[in-house]
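Peer 1: What follows is a predicted structure for the sequence shown.
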Amino acid sequence: MPGTPTALPTALPAARTPDPMDAPALRWGVMGTGWIAERFVRSVHRHTRQRFTAVASRDAARAEDFAGRHGVPGSYGSYEDLAAAPDVDVVYIATEHTAHLACARIALEGGKHILVEKPIGLDAAQAAEIAELATGQGLFCAEALWTFFLPKFDVIRQLLDSGALGEIHTVLADLGEYFTAEHRILRPELAGGPLLDLGTYPVSLATWVLGAPAETLASGQPHPAGVNGQTSAILRGPQGSQAVLHTTLFSDTPTTATLAGSRATLSLPGPFYQPGDLVLTPSGGGTQLTYTEPRTAHDALYYEAAEVARCIAAGLRETPLRPLEDSVVTLRAMDEIRRLCGITFDQ
């Protein structure tokens, strides 16, 4: 939520993100060997001092292949074996959405800190269960919603905290991407459809800025593959402000976002959830201010790993950049969108 208004800035603030190379080196295990796990490991290897000591898959050959390609010394054919490994401090869970809860349980019960790929669970109940288990075990837990760990989003955080935008009346956010027929996002048994994969980004942005919605309107369109194809939603915040959100897997869309306040509007060119620019425009006109960072896409995944390492080393059990309650609030909003659209998961 926005802070107390101050004078409009004459320049956008610098990001306060610490140097990822300064984060204490921890030993990481990886559950899952898919697309996002590949990019996470490459990014973290390239930009931090974190070490990967083990990888696990339900297919031992896949784990061994992944380990060989990424220089990971240990590979396992079961998640339980990785959770029991003595040379693992923290586990990055990068399995399919439907396995997040089970893998989180395995890792936490094995005494490992966890970073769970977004969304942390299929619904708010699963997210709350994971958070409660981590708290009970005295272990760190976070959702790997990498957007909130980017330097660009620290700049947004400072603008919101300072009240530079004034009262936020409107959040606009869209994320659409075309997928071919063989992609897992089209598989009903894997909780497919755009909402969990893509919709997490616009919904989390809206709930972060406006808070938990007091009212939700939503409409969806089915996909021939048997999943939801696209969803549009209006979320009304507790003070009456509105978020207008859209996600689709039928087409590529601009994937932009806007935070419109009484004093200024902040524009996030597409893809808004990745590294890139911010443009602040004073209400009624005036000099625009621009923040720019390299558009490195998923090579920026390392920021979340560095934050996890810093938090664990400091004895924290969650990160202030994406508290577990924020993850639960986002999923609770997505639960209501699914209810209104008649979207159900087999699980």
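Peer 2: Perfect, I can see it now.
Peer 1: Just give me the residue closest to the centre of the chain.
Peer 2: Centroid-nearest residue in the chain, with CA atoms, centre = their mean: residue 145, separated by 1.6 Å.
Peer 1: Tell me, please, where in this structure the pLDDT is lower than the cut-off.
Peer 2: Applying pLDDT under 70 to the chain flags the ranges 1-7, 347.
Peer 1: mind giving me the domain split of it?
Peer 2: According to automatic domain parsing, the chain comprises the domains 20-146, 148-303+317-341.
Peer 1: measure the residue nearest to the residue nearest to the centre of the chain when sequence neighbours are not counted to residue 252 for me?
Peer 2: Nearest residue to residue 145 in three dimensions, chain neighbours excluded: residue 118, at 4.3 Å (CB to CB, 6 or more residues apart in numbering). (C-beta placed from N, C-alpha, C; glycine too.) From residue 118 over to residue 252 the distance is 21 Å, taken as CB to CB, to the nearest Å.
Peer 1: what's the neighbour count on the residue nearest to residue 145?
Peer 2: Using other CB atoms under 10 Å, residue 118 has 24 neighbouring residues.
Peer 1: Correct me if wrong: it contacts residue 198.
Peer 2: No. Counting by CB atoms under 8 Å, residue 118 sits too far from residue 198 to count as a contact (10.6 Å).
Peer 1: Work out the sheet partners of the strand or helix carrying residue 230 and label each with its direction, please.
Peer 2: Following DSSP states H and E, one finds residue 230 within strand 228-236. Its sheet considered, strand 228-236 pairs with strand 215-222 (antiparallel), strand 242-248 (antiparallel) by DSSP bridges.
Peer 1: With mean neighbour count and distance to residue 90 as extra columns, can I get these in TSV?
Peer 2: TSV is the format used below for the strands paired with strand 228-236 (neighbours: other CB atoms under 10 Å; distance: least, CB to CB, whole Å):
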stretch	mean neighbour count	distance to residue 90
strand 215-222	16	35
strand 242-248	23	30
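Peer 1: Near residue 182, how many other residues are there?
Peer 2: Using other CB under 10 Å, residue 182 has 7 neighbouring residues.
Peer 1: check contacts around it.
Peer 2: For residue 182, no residue meets the contact criterion (CB atoms under 8 Å, 6 or more residues apart in numbering).
Peer 1: Check residue 286 too.
Peer 2: Contacts of residue 286 (CB under 8 Å, 6+ apart): residue 8.
Peer 1: And for residue 308?
Peer 2: So, once contact is read as CB under 8 Å, 6+ apart, residue 308 ends up touching 26, 90, 113, 115, 140, 142, 319.
Peer 1: need the next SSE after the helix or strand where it lies, C-terminal direction.
Peer 2: Using DSSP H and E, residue 308 maps to helix 302-313. Counting by DSSP H and E, the element after helix 302-313 in chain order, helix or strand, is helix 324-341.
Peer 1: what angle sits between the strand holding residue 230 and helix 324-341?
Peer 2: Note on geometry: by axes from the mean of the first three to the mean of the last three CA atoms, to 10 degrees, strand 228-236 and helix 324-341 are set 110 degrees apart in direction.
Peer 1: who's in contact with strand 228-236?
Peer 2: 176, 193-195, 199, 203, 206-207, 210, 213-223, 242-250, 333, 337, 340-341, 343.
Peer 1: ok, and for that strand, which residues are buried?
Peer 2: In terms of neighbour count (16 or more other CB atoms under 10 Å), strand 228-236 has its buried residues at 228, 229, 230, 231, 232, 233, 235.
Peer 1: ok now that strand, how far from the chain's centre?
Peer 2: Here the centre of strand 228-236 is set off from its chain's centre by 18 Å, with CA atoms, centre = their mean, to the nearest Å.
Peer 1: then that strand to CSV, C-alphas only?
Peer 2: Taking Å, rounded to 0.1, in the frame of the first residue of the first chain, the C-alpha atoms of strand 228-236 are listed here in CSV:
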residue,chain,number,x,y,z
ASN,A,228,-9.1,-22.6,-19.1
GLY,A,229,-7.8,-20.6,-22.1
GLN,A,230,-8.0,-17.0,-20.8
THR,A,231,-9.3,-15.1,-17.8
SER,A,232,-10.1,-11.5,-17.2
ALA,A,233,-10.8,-10.1,-13.7
ILE,A,234,-11.6,-6.9,-11.8
LEU,A,235,-10.4,-6.8,-8.2
ARG,A,236,-11.7,-4.1,-5.9
